[in-house]
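Colleague: Predicted structure and sequence below. I'll ask about it afterward.
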Amino acid sequence: MTLASLSPTLADREPVVSLSGVGKTFSNGTVALENLDLDVFPGEFLSLLGPSGCGKSTALRLMAGLGRATRGEVSIARHDPGEHRGDIGFVFQEPTLMPWATVADNVWLPLRLKGVSRAKADAVIRDSLALVGLASFAGAYPRELSGGMKMRVSIARALATKPSILLMDEPFAALDEITRFKLNDDLLRLKAELGCTVVFVTHSVYESVYMSSRIVVMAARPGRVVSTIDVDAPMPRSESFRATPRYAELCREASAALHGAMAPDDHL
Ligand SMILES: Nc1ncnc2c1ncn2[C@@H]1O[C@H](COP(=O)(O)OP(=O)(O)OP(=O)(O)O)[C@@H](O)[C@H]1O
């Protein structure tokens, strides 16, 4: 999709994240991305949807400055992603918590790395935990938490630096469906409260339609963008959205785009 085909409000705005002609070839010769163009606009909830190996995580990591493109340009608000680390929160598929540290100390980590003392970070830690509904678990250890709660801690940690861009790599893939639906709603609420921009990697057509304002469908070998779907249903969304004809229609559209993007030996 070109900028001109986006809604005028989006096309008129400066992208916060921009990938232009991006290629990424790993040292073993794997071409993960080729000629990838993608603009993410302020306040969007953008999902990257595509078969396994199409380069979704690679693209997300380049946005976070975790690795460099071998071709093309990646910029965050017109700057190198490395200059914007503090403005980016990253949530991985696994919660990746330190098992020996309390929930509060896990959330402190990105602030500690910036030299903020535990005492100074205390209010932010409490606010971040309150945002994800875990205010009363500050002193608990990861082993005492369910999978969904661990993921909430991981999100609270990403929010501790008050990022304006949240990059999420299949954060709910390992959770059961009920927990996943609950976290989907919580994330939409958080996003509305914080006004941040979210780029969200998922394999799930249903999740991408429920959560996103725009879905970018990628194909593999080489990883590239093959189509874009504007999810025009209004926000905020709730469970009742899943029962609407428009939701079903958008799911069919996203599913068809995903199948169109898949080669016979691709996997979801
Ligand atoms: N560090 C690396 N070294 C070599 N090849 C890599 C590396 N990281 C990823 N790849 C390869 O690059 C391609 C894209 O991988 P990537 O993880 O970005 O895809 P993905 O769409 O996120 O897949 P999945 O949905 O399975 O997580 C794959 O072929 C993968 O094997």
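Modeller: In hand now; what should we look at? Residues are numbered from 1 along each chain as shown.
Colleague: Which residues of this structure lie near the ligand?
Modeller: 26, 28, 30, 32, 50, 52-58, 223 (Cβ under 6 Å from any ligand atom). In short, each C-beta sits where N, CA and C put it, glycine included.
Colleague: In strands only, show me these.
Modeller: Among those, the residues falling in strands (DSSP state E) are Ala32.
Colleague: Going through the residues of the chain next to the ligand, which ones are buried?
Modeller: In terms of neighbour count (16 or more other Cβ atoms under 10 Å), the buried residues within the residues of the chain next to the ligand are Ala32, Gly50, Gly53, Cys54, Gly55, Lys56, Ser57, Thr58, Gly223.
Colleague: Give the buried residues for stretch 174-194.
Modeller: 175, 179-184, 186-188, 190-191, 194.
Colleague: got it, and stretch 250-266?
Modeller: Leu250, Cys251, Glu253, Ala254, Ala257, Leu258, Ala261, Met262, Asp266.
Colleague: what does the helix or strand hosting the second one rub up against?
Modeller: When you say that, I think you mean Cys251. Assigned by DSSP states H and E, Cys251 belongs to helix 245-261. Identification of contacts with helix 245-261 by Cβ atoms under 8 Å, 6 or more residues apart in numbering yields 49-51, 54, 205-206, 208-210, 215, 217-220, 226-227, 229, 231-233, 241, 268.
Colleague: Show me the helices in this structure, by range?
Modeller: With helices called from DSSP state H, the chain shows them at 8-11, 56-63, 103-113, 118-131, 147-159, 177-194, 205-211, 245-261.
Colleague: Packing partners of the longest one?
Modeller: The contact analysis (3 or more Cβ pairs under 8 Å, 6 or more residues apart in numbering; DSSP states H and E) places helix 177-194 against helix 118-131, helix 147-159, helix 205-211.
Colleague: Below-threshold pLDDT in the stretch 51-200 of the chain: ranges please.
Modeller: Low-confidence segments of the stretch 51-200 of the chain (pLDDT under 70): 84-86.
Colleague: at 90 what do you get?
Modeller: For the stretch 51-200 of the chain, the stretches flagged by pLDDT under 90 are 76-87, 131, 174-175, 179, 182, 190, 193-194.
Colleague: re earlier: who wins for proximity to Leu19 among the helices and strands packed on helix 177-194?
Modeller: helix 205-211 (18.8 Å; Cβ to Cβ).
Colleague: Extract the CA atoms of that closest one and return them as PDB.
Modeller: Extracted in PDB, the C-alpha atoms of helix 205-211 (Å, rounded to 0.1, in the frame of the first residue of the first chain):
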ATOM      1  CA  VAL A 205      -5.800 -13.600  12.300                       C
ATOM      2  CA  TYR A 206      -8.400 -13.200  15.000                       C
ATOM      3  CA  GLU A 207      -6.100 -11.400  17.400                       C
ATOM      4  CA  SER A 208      -4.800  -9.100  14.700                       C
ATOM      5  CA  VAL A 209      -8.300  -8.000  13.700                       C
ATOM      6  CA  TYR A 210      -9.500  -7.600  17.300                       C
ATOM      7  CA  MET A 211      -6.500  -5.400  18.300                       C
END
